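**Q** Below: sequence and its predicted model.
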Amino acid sequence: MQEHSNGIWSEDQAEPAPAAPKSAPAAASNGAGAKRAATTELFGGPGASSGSLNSWDLSSEVLLKPVKPAPRRGWRKAVYSCTGGSVNLGDGRKEARLAELTTEIRGSLYGCHKIAVLSLKGGVGKTTVTAAVGSTFASLRGDRVIAVDANPDRGTLSNKLPLGTDATVRDLLREGAEIQRYSDVRAFTSQAASRLEVLASDTDPAVSEAFSATDYRDVLDVLERFYNLVLTDCGTGLMRSAMSGVLDSADALIIVSSGSVDGARSASATMDWLEAHGHADLVARSITVINAARPKAGKVDLDKVVEHFSKRSRAVRMLPFDPHLEEGAEIDMERLRPATKVALMELAATLASGFGSARKG
């Protein structure tokens, strides 16, 4: 699988640290030396000095030999098991890459990070992408992840997981003042096996249409108190009343496109509209997802599509076609193809790399 990005792995070079004063003791130039010096100062007595031995010389870092982690899968794991652990080849490149992605996905997150998922064209898999990447986050992180259905046109996000309640976003708004604990808000959400929670939209289009930007902000006021990640599945209408609230609150944006000509043009038109309406910075931070991509099956030159969006967004990720996702029913992460799981992890890791980015003022 090819990975396309727009410099997301580059980092500003750190400035060199100032030189230590010449009078600083050599023992303070590394962690062990600093610990030894501190211990000597604390427990020192006659004959104690920065070069004397102390308990830090018998620390686990000094005494224990490095242990190579056991392989987690494949033939390497079989060899490890059959030899009783005497032959440890470690993880292969694929397993090491998955471990690296998992570490990135579990990156530190302070407060609540809000991700909007948007597409001007229907039928490109926007809701599927929301549920799938949300499930990836929820299954690999230890904190709480929720997806909100903000689609006024009879949103289908709640169809992607077993429905645990008939409550909707409108019910949460009505009872918002009474919500004091996490157990209170759970009465309004359904939860998948991945631990992803979903707050459903109302099935009555007239009620959903009345969902305003103020309503959305009120919902966020509740969710921010209990969740670390909030994904919002937006409608296709950019002029909908709730859209301004979604865009103004978003820390990150996913723009979903199909691999077709009209899908790509619609995604690019979405960026045009956002830039023309004061959200150029959000576009610059966005991630373009080309969904259900079949590079060898169609006539569209996907490399050119990727090249176009890599110049307009922070990164481009391709999700391969997956027959389970094509079903349009509840998503079972265990039924996804391995390539799809890796692609979703790469998307989640790319989003996680922006957790530490400063919010716009």
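**A** Yep, that arrived. None of these values were measured; they are calculated from a predicted model. Numbering: from 1, shown residues only.
**Q** Strands of the stretch 1-150 of the chain, residue ranges please.
**A** 4-5, 113-118, 145-150 (DSSP state E, counting those that start in this stretch).
**Q** Looking at those strands, which one is packed in the most?
**A** Neighbour counts (mean count of other CB atoms under 10 Å) averaged over each of those peak at strand 145-150, with a mean of 26. For the C-beta atoms, the positions are set from N, CA and C on the backbone; glycine is no exception.
**Q** Just list what that one packs against, helices and strands only.
**A** On a contact count with 3 or more CB pairs under 8 Å, 6 or more residues apart in numbering; DSSP states H and E, strand 145-150 meets helix 126-140, helix 169-175, strand 197-199, helix 213-223, strand 229-234.
**Q** Now with 7 Å, please.
**A** Counting contacts by 3 or more CB pairs under 7 Å, 6 or more residues apart in numbering; DSSP states H and E, strand 145-150 is packed against helix 126-140, strand 197-199, helix 213-223, strand 229-234.
**Q** quick check: mean pLDDT across the longest one?
**A** Read that as helix 126-140. With pLDDT averaged residue by residue, helix 126-140 scores 96.
**Q** for the stretch 51-200 of the chain, which spans come out with low pLDDT?
**A** Where the stretch 51-200 of the chain drops to pLDDT under 70, the residues are 51, 71-73, 75-76, 79-80, 83-92, 152-154.
**Q** Next, the contact list for residue 149, please.
**A** 155, 157, 158, 169, 198, 199, 200, 201, 233 (CB atoms under 7 Å, 6 or more residues apart in numbering).
**Q** likewise residue 298?
**A** With CB under 7 Å, 6+ apart, residue 298 has these contacts: residue 259.
**Q** Kindly recompute the last result at 10 Å.
**A** 259, 260, 261 (CB atoms under 10 Å, 6 or more residues apart in numbering).
**Q** Pull out the buried members of these.
**A** Neighbour-count burial (16 or more other CB atoms under 10 Å) applied to those gives 259, 260.
**Q** Which members of the contacts of residue 298 occur in strands, if any?
**A** Taking DSSP state E, every one of these sits outside strands.
**Q** For the contacts of residue 149, please prepare CSV with the additional fields neighbour count and distance to residue 282.
**A** As requested, these are exported to CSV (neighbours: other CB atoms under 10 Å; distance: CB to CB, whole Å):
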residue, neighbour count, distance to residue 282
155, 24, 22
157, 26, 21
158, 24, 26
169, 24, 23
198, 27, 24
199, 27, 22
200, 26, 26
201, 26, 23
233, 28, 17
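**Q** for these, which one is nearest residue 251?
**A** The closest of those to residue 251 turns out to be residue 233 (CB to CB; 15.9 Å).
**Q** okay, now the closest residue to that closest one other than its chain neighbours: neighbour count?
**A** Nearest non-adjacent residue to residue 233, counting by CB to CB, 6 or more residues apart in numbering: residue 130, 4.3 Å away. For residue 130, the neighbour count with other CB atoms under 10 Å is 29.
**Q** And residue 130, how far from residue 151?
**A** Using CB to CB, to the nearest Å, we find residue 130 at a distance of 10 Å from residue 151.
**Q** C-terminal to the strand or helix carrying residue 282, what's the next element?
**A** If you go by DSSP states H and E, residue 282 is part of helix 280-284. Using DSSP H and E, the next helix or strand after helix 280-284 towards the C-terminus is strand 287-293.
**Q** Report the angle between that following strand and helix 126-140.
**A** Interaxial angle of strand 287-293 relative to helix 126-140 (axes from the mean of the first three to the mean of the last three CA atoms, to 10 degrees): 110 degrees.
**Q** Walk me through the domains of the protein.
**A** Structural domains assigned to the chain are 68-101, 108-352, following automatic domain parsing.
**Q** okay, those, which one's buried deepest?
**A** domain 108-352 (a mean of 19).
**Q** Now do it: distance from first to last residue.
**A** 9 Å (CA to CA, to the nearest Å).
**Q** Quick check: beta-bridge partners of the closest residue to residue 339 other than its chain neighbours?
**A** Ranked by CB to CB, 6+ apart and with sequence neighbours excluded, the top spatial neighbour of residue 339 is residue 320, at 5.2 Å. Counting by DSSP bridges, residue 320 is bridged to residue 293.
**Q** quick revisit: the residue nearest to residue 233 and residue 199 touch, don't they?
**A** No - between residue 130 and residue 199 there is no contact under CB atoms under 10 Å: 12.0 Å.
**Q** shared neighbours, those two?
**A** 147, 148, 149, 157, 232.
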